[in-house]
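Trainee: Sequence first, then the predicted structure:
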Amino acid sequence: MKEPKSKSVVMVVFRDLQMAKEKTVFVCFILFFILSVFTVYGQQVPVLEKKISISAQNEPLEAFLKRLSQETGTVFSYSSSAIDVKKNVTVDFSIRPLREVLEVVFEGQVEIKQKGIYIILTPKPDSSKDRVISGYVVDETTGKPVRDATVYDPITLKSSLTDEFGYFQLSVKNPADDIKLVINSQMYADTLLIDKKQSPFQKILLKSKEIDFEEVGKSIAEPMKNFWVWTKKSVGFTNMDNMKDTLHRGFQLSLIPFVSTNRKLAGSVVNDYSFNILGGFSGGTNKAEFGGLFNLNRGNVKYVQAAGLLNQVGGTFRGVQLAGLANVVRDSVNGVQLAGLTNFNTANVKGFQMAGLVNLGTEKFQGTQVAGISNFNYRDVDGVQLASILNVGRNVRGTQIGLFNYADSIQGVPIGLISFVRKGYHQVEIGADEMLPLNVSLRTGTRSFYNILFAGLRTDSSDSTTWAFGYGIGTSPALGKKAFLNIELSAQQVNKGYVSALNLVNRLYIGVEYRLGKRFGLYAGPSLNLRVFDNTFTDHPTLFTYTNPRIISESSFPSENISTQLWIGGRAGLRFF
């Protein structure tokens, strides 16, 4: 019986789908295989770093090179007239890079260059003024290559970093009778190589460091470690991490960091004098440093440092520091700091600071701070803080002068619109005077000098209210154990409804405060009052409604539309806290 046509069509479609799926899997497999081959090929070890094992016993060099070529799949290119290939060689290598085999066989007298599968061999020029030294740096215990080790000449400061195979190459100008190389790496002990034979190829063995748990603790506890470094992947940074010793030079000149006469070891060199055309990076400065844009120092700096934009010091600073924008010092400062925008310090400062915007410190400050906007010290201040807006200190011994001042405690005088001392003088006052039956004020600062903010109120009728607001300053010396004298100067604007015209009452108050308890007291005293008001305005509030003090003097200044009144009044009330 024939199958239905529709069923046959379904089976054909299903079969075609199966075949397509199988083809897709096969194609994917081929693509994956090709990709794997290319990946492995792309990750092939360079021919000169290919490890081989080979030996020879009085074998002609030409025959040895042929065997070496077959072993490594390379072709050696050389001139038999320039290289003596008839001499015999006796060698025994076990798992060594091809480059090392060639260097040993040719005793470092041949330049070795790779181009594809070709290894080009040419005699090295014989020059007493310039010698190229190359070689491998390996772990003495494991024999594995040491990557990113710093190899440098301590005379010229020329340096090289080892690659992933531990290989380095370094050109030394005017070599001395003994070639000296210093090798530094983070995990290994520092090594000094002295080669009296001046061999151009070296194999250097490094010993692992013993773990210093104190140093480990220090590194963990240092959250801003190496904050001055441009990038942790830079050669200069790696050299600094490797090298713990400090080098010294009398003079250095740089264009930008690490492009300098100290080369890539700049971060480990302390200079007497340092000149940076654009900017420079040094291990420290002993006498003077100047930078067109910026100066960066890993360690201590003294006595003069000047930059168009930024000075940054990782250690201590002593002397005079000038910057167009900012001075930043991580350790203590003793001297003068002048900056267009900010001085920022994370340790103790002693001296004078001036900044266009802000002086910012996280530790103790001794001296004088002057800022266009703010002085902020997280720790103690011993001296003077002068700013147009805000001064902040913890325990202050001296003077704060600014629109706003804050201190945890102060032995001295804060002068400003509002000065708040957390452990200082704070009082809320409720009382009355001859004009207003209800006055509320806040006193804050210290008893030697405090600020007063106050407001007053008087209800004259159901639709008329007289009110006042004002500001004052005062001092409160002690008269006894519980009694204090108050001497205050204040000014308050008295209004009816809106503030419509000048109506200022200026007051000199001299009174006595008696403390009934730790947080409660009474006060009373006379006052001398001078009212200055606009005499062209006709709707000033009535001065006195429930008292009747005598006006002892009145004056008028027609050209200024100003009049004055003088009288004697008084104040009394309660104080809390």
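Mentor: Received, thanks. Numbering: from 1, shown residues only.
Trainee: And K66, its phi and psi?
Mentor: phi -60, psi -40 (degrees, to the nearest 10).
Trainee: immediately after the helix or strand in which I430 is found, which helix or strand?
Mentor: Using DSSP states H and E, the element containing I430 is strand 425-433. Using DSSP H and E, the helix or strand that directly follows strand 425-433 along the chain is strand 438-445.
Trainee: Which strands and helices lie in contact with that following strand?
Mentor: If you count contacts as 3 or more Cβ pairs under 8 Å, 6 or more residues apart in numbering; DSSP states H and E, strand 438-445 packs onto strand 418-421, strand 425-433, strand 450-461. Placement of C-beta: from N, CA and C, glycine included.
Trainee: contacts for the next helix or strand after the last one?
Mentor: Stepping forward along the backbone from strand 450-461, the first helix or strand reached (DSSP H and E) is strand 464-475. Contacting residues not belonging to strand 464-475 are listed as 417, 435-436, 443, 447-460, 486-497, 505, 507, 509, 541-542 [Cβ atoms under 8 Å, 6 or more residues apart in numbering].
Trainee: next one: strand 464-475 to chain centre, how far?
Mentor: Computed by Cα atoms, centre = their mean, to the nearest Å, the separation of strand 464-475 from the middle of its chain amounts to 47 Å.
Trainee: Over to stretch 499-518?
Mentor: In terms of Cα atoms, centre = their mean, the centre of stretch 499-518 is found 49 Å from the chain centre.
Trainee: pLDDT averaged over that stretch - what is it?
Mentor: Mean per-residue pLDDT for stretch 499-518: 94.
Trainee: How about stretch 88-97?
Mentor: For stretch 88-97, the mean per-residue pLDDT is 89.
Trainee: Buried residues in it, which are they?
Mentor: Of the residues in stretch 88-97, V89, F93, R96, P97 count as buried by neighbour count, 16 or more other Cβ atoms under 10 Å.
Trainee: Contact partners for the third one?
Mentor: Listed by Cβ under 8 Å, 6+ apart, the contact set of R96 reads K51, I52, S53.
Trainee: Could I get the buried residue list for stretch 402-416?
Mentor: Of the residues in stretch 402-416, those buried (16+ other Cβ under 10 Å) are G402, F404, N405, Y406, A407, I410, G412, V413, P414, I415, G416.
Trainee: how about TSV for the residues you listed, with pLDDT added?
Mentor: Shown next, in TSV, are these (pLDDT from 0 to 100):
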residue	pLDDT
G402	95
F404	94
N405	94
Y406	94
A407	93
I410	92
G412	89
V413	88
P414	91
I415	91
G416	90
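Trainee: quick one: which of those sit in strands?
Mentor: Per DSSP state E, strands hold the following members of those: F404, N405, Y406, A407, I410, G412, V413, P414, I415.
Trainee: my guess is the second one contacts P414, does it?
Mentor: Yes. Distance between N405 and P414: 4.1 Å, which falls inside the contact criterion (Cβ atoms under 8 Å).
Trainee: Which neighbours do those two have in common?
Mentor: Common neighbours of N405 and P414 (Cβ under 8 Å, 6+ apart) are N391.
Trainee: Can you tell me which helices and strands the strand holding I430 packs against?
Mentor: Using 3+ Cβ pairs under 8 Å, 6+ apart: strand 425-433 touches strand 438-445, strand 450-461, strand 520-534, strand 562-576.
Trainee: hey, C-alpha coordinates of it in CSV?
Mentor: The C-alpha coordinates for strand 425-433 follow below in CSV (Å, rounded to 0.1, in the frame of the first residue of the first chain):
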residue,chain,number,x,y,z
TYR,A,425,31.2,78.1,74.6
HIS,A,426,27.6,77.4,73.5
GLN,A,427,24.6,79.2,75.0
VAL,A,428,20.9,79.7,74.1
GLU,A,429,19.5,82.9,75.6
ILE,A,430,15.9,83.8,76.1
GLY,A,431,15.2,87.3,77.5
ALA,A,432,13.7,90.8,77.0
ASP,A,433,14.9,94.3,76.4
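Trainee: partners of that strand, with directions?
Mentor: Strand 425-433 has its sheet partners listed here by DSSP bridges as strand 438-445 (antiparallel), strand 562-576 (antiparallel).
Trainee: In the longest one, which residues are buried?
Mentor: Of the residues in strand 562-576, those buried by neighbour count under the rule 16+ other Cβ under 10 Å are S563, T564, Q565, W567, G569, G570, R571, G573, R575.
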